[in-house]
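> Take this sequence and fold it.
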Amino acid sequence: MILYYGLIGVSVVIIAIAIKNFYSATKIEKNMDNYLFVVTSSKAYYIGATLFALALLVITAFQAMPYVFDIRVFSIVLFFGSIFLLSFSHYVYHTLASKKLNDYEEFFKQFGVDLNNKCEKLMLKYIYSKEKDLKKVKEVFEMNKEKCKEFKK
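Okay, here's the model as predicted:
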C-alpha cells in the first residue's frame, strides 16, 4: 500500500513541475538559452511524447472505470495523468517559445551559423553551455566552425 501512496507523491511532484513549466511559458525571454532551445529542439518530439502520454492515460482510465474509488487504481491513473500534463506543458512551452522567438535567424547571423547544419547548431549550444560570454562563444565557434563542413545537410 505504501507503494501507491508513494506513486501519488511522485504524481504530485510531477504536477508541480508541469505547473512551473506552464508558468515559465508565460515568461519567455529573448536570450541565448531560449534561442538555442528553439533552434535545436524538434516540435515532433513534443507532439509524440504528448500523444504517447495521452494514449497511456486513456488506456489506463478506460481499464480503471469499474474501480474508480480504489486507491491503487487512482494512484496509477493519477500518475499517467501527471505524465500527460508534464509532456503537454513541454509542448506548450516549445510552441510559445517558437512563436515568440521567430526572429532566431537574425539573431544567429551574428555568429555566422548555418541553421541547416545540425552540427553547427549543436556545437554552438555546447560552446554556450561551457562559456556564457557571447564574444568568447563567437570566437570559439569561429575557430571550430570548419569541423562541421562535412556534416552539412
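> Look up how far S129 lies from V137.
Distance, V137 to S129, using C-beta to C-beta, to the nearest Å: 10 Å. Every C-beta, even on glycine, is put in place using the N, C-alpha and C of the backbone.
> Closest to the centroid, which residue in this protein?
Among the residues of the chain, the one closest to the centroid is H90, at 4.9 Å (C-alpha atoms, centre = their mean).
> what's that one in contact with, if anything?
21, 46, 49-50 (C-beta atoms under 8 Å, 6 or more residues apart in numbering).
> quick check, nearest of those to K121?
Y46 (17.6 Å; C-beta to C-beta).
> quick one, what contacts that closest one?
87, 90-91, 94-95.
> Remind me which helix or strand it belongs to.
helix 43-64 (DSSP states H and E).
> Give me the mean pLDDT for the helix or strand that that helix is followed by.
Next along the chain after helix 43-64, taking DSSP H and E as the criterion, comes helix 71-100. Computed over helix 71-100, the mean pLDDT rounds to 92.
> repeat for stretch 27-44
Across stretch 27-44, the average pLDDT comes to 87.
> now do stretch 129-148
On average, stretch 129-148 scores 84.
> what's the offset of it from the middle of its chain?
24 Å (C-alpha atoms, centre = their mean, to the nearest Å).
> Let's see it as CSV, backbone CA atoms only.
Taking Å, rounded to 0.1, in the frame of the first residue of the first chain, the C-alpha atoms of stretch 129-148 are listed here in CSV:
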residue,chain,number,x,y,z
SER,A,129,26.9,25.7,-22.1
LYS,A,130,30.6,26.0,-21.2
GLU,A,131,31.1,29.7,-21.8
LYS,A,132,28.4,32.3,-21.2
ASP,A,133,30.3,35.3,-22.6
LEU,A,134,28.9,35.8,-26.1
LYS,A,135,32.1,37.3,-27.5
LYS,A,136,34.1,34.3,-26.4
VAL,A,137,31.4,32.0,-27.7
LYS,A,138,31.6,33.7,-31.1
GLU,A,139,35.5,33.4,-31.1
VAL,A,140,35.5,29.7,-30.2
PHE,A,141,32.7,28.9,-32.6
GLU,A,142,34.6,30.6,-35.5
MET,A,143,37.7,28.6,-34.7
ASN,A,144,35.9,25.3,-34.8
LYS,A,145,33.3,26.0,-37.4
GLU,A,146,35.2,24.3,-40.2
LYS,A,147,34.9,20.9,-38.4
CYS,A,148,31.2,20.9,-39.3
